[in-house]
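# Output the structure for:
(one chain, ligands or ions: 1)
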Amino acid sequence: MDKDVQQGFETLAIHAGQEPDPTTGAVVPPIYQVSTYKQDGIGGLRGGYEYSRSANPTRTALETCLAEIEGGTRGLAFASGLAAEDALLRTLCKPGDHVVIPNDAYGGTYRLFAKVAEPWGVAFDPVPLGDVAAVRAAVRPETRLIWVETPTNPLLGIADIATLAAIAHDAGALLVVDNTFASPYLQQPLALGADIVVHSTTKYIGGHSDVVGGALVVKDAELGERLTFHQNAMGAVAGPFDAWLTLRGIKTLAVRMDRHCTNAEAVVEMLTRHPAVRQILYPGLPDHPGHEVAAKQMKAFGGMVSFRMASEEEAVRVCERTELFTLGESLGGVESLIEHPGRMTHASAAGSPLEVPADLVRLSVGIEDVDDLLRDLTRALG
Ligand SMILES: *Cc1c(COP(=O)(O)O)cnc(C)c1O
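Here you go, the predicted model:
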């Protein structure tokens, strides 16, 4: 292949890091289910591999592909999204440092900061990232990271990546973007100025609700080296089968995301007209406060839709009445899911600054026949 031509996203997703296997010609990277490698004399490594915590060929294929589709120089695959976040935090922060996080961050991210990082000595402030003045005010001399999620979970808030990158860099800090909700197909944070992209590959990247994984992608090669050192030293790596499943998911990411987005738009259109729905949170709606920024930095508005009912009871009732939308946590798979964040994914945020409205329903709109999805929701709304 001509390496001088910058290939398109769909091509990279299918081919980056995935040359046919040199020994067998297998067109898909095999699952190298192996812990150690024969050395030809001490230190004589055939492919650079010595032990699978340090590196494994299936994981290398995934990490190469992740770096290419996010436009970075280095990708790192972890056992889960939170393992990736933890490795990042402990590589870049030390006791005494400070981090700015979104005031509606993913619940597990908030828990990592509140229950693990803070007791260790890293302070943090939850801030509404849509409010640039509030972010500027929260930055201190000890601030190492501004941590961004956009869109956020479950309120679908939008943050301006380029603006926040400039604020972080002025303060000598780095900008981290959790790109889980958008996926690299819809949003390229590194190109917008971010330093590090975080993923729960469990979600859209894996895409089939069959694997838990996480990833980091960075632009700066030296930072990539430091993170790779910590990945090996801390050890929470993705196993070969999980790496293989994730890589398999990435091949169809673009076509899946296109359908997630068009199905979500149809669902939003139906909800807009439904009298039982009080408010819809979707960045594609012109009255969403982040609409303009989202339109500028995203290719489309994604497959996640949240909406508010008149009461908690009504929200719970809708969640329990759908049939095709499966009641469950997680998101980003081909199948549609529905959940009540207040009692499910975000129950641990109750009483914290990240508490979510009790009347909120969150949908992960899948890629089923859209008419079936609309029928199911309409019936459940009553
Ligand atoms: C799920 C999720 C995480 C955590 O990832 P795991 O793979 O569950 O550890 C982080 N950020 C966001 C936005 C998520 O949705």
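# Leaving out sequence neighbours, find the closest residue to the residue in the chain positioned nearest to the ligand.
Across the chain, the shortest distance to the ligand (C-beta to the nearest ligand atom) belongs to residue 81, at 2.2 Å. The C-beta positions use only the backbone N, C-alpha and C, and glycine is treated the same way. Distances taken as C-beta to C-beta, 6 or more residues apart in numbering put residue 200 closest to residue 81, at 2.9 Å, once the chain neighbours are dropped.
# Touching, the one you found and residue 214? I think so.
Yes. Using C-beta atoms under 8 Å as the test, residue 200 is close enough to residue 214 to be in contact (5.7 Å).
# after the one helix or strand residue 146 maps to, next one along is what?
For residue 146, the host element (DSSP states H and E) is strand 143-149. Next along the chain after strand 143-149, taking DSSP H and E as the criterion, comes helix 161-170.
# Excluding its own residues, what touches that following helix? List them.
With C-beta atoms under 8 Å, 6 or more residues apart in numbering as the test, helix 161-170 has contacts from 129, 132, 135-136, 139, 145-146, 148, 150, 174-175, 177, 187, 189, 192-195, 297.
# if we go to 7 Å?
By C-beta atoms under 7 Å, 6 or more residues apart in numbering, the surrounding residues in contact with helix 161-170 are 129, 132, 135-136, 139, 146, 148, 150, 174-175, 177, 189, 192-194, 297.
# go on, stretch 108-120?
Around stretch 108-120, the neighbours that count as contacts under C-beta under 7 Å, 6+ apart are 82, 85-86, 89, 95, 99, 101, 124, 178, 348-349, 352, 354.
# about what we covered before: what about the contacts of helix 161-170, which are in helices?
Among these, the members found in helices (DSSP state H) are 132, 135, 136, 297.
# Would you agree the second one is in contact with residue 125?
No. In this structure residue 135 lies outside contact range of residue 125 using C-beta atoms under 7 Å: 9.6 Å.
# buried ones in the helix or strand encompassing residue 242?
Assigned by DSSP H and E, residue 242 belongs to helix 240-250. Within helix 240-250, the residues scored as buried using 16 or more other C-beta atoms under 10 Å are 240, 242, 243, 244, 245, 246, 247, 248, 249, 250.
# Model confidence for the most far-flung residue of the chain relative to its centre, exactly?
Within the chain, the residue lying farthest from the chain centre (C-alpha atoms, centre = their mean) is residue 41, at 42.3 Å. At residue 41, the pLDDT value in this model is 90.
# just residue 223 next, same as before
98.
# Then the one 10 residues further on?
Residue 233 is assigned a predicted lDDT (pLDDT) of 97.
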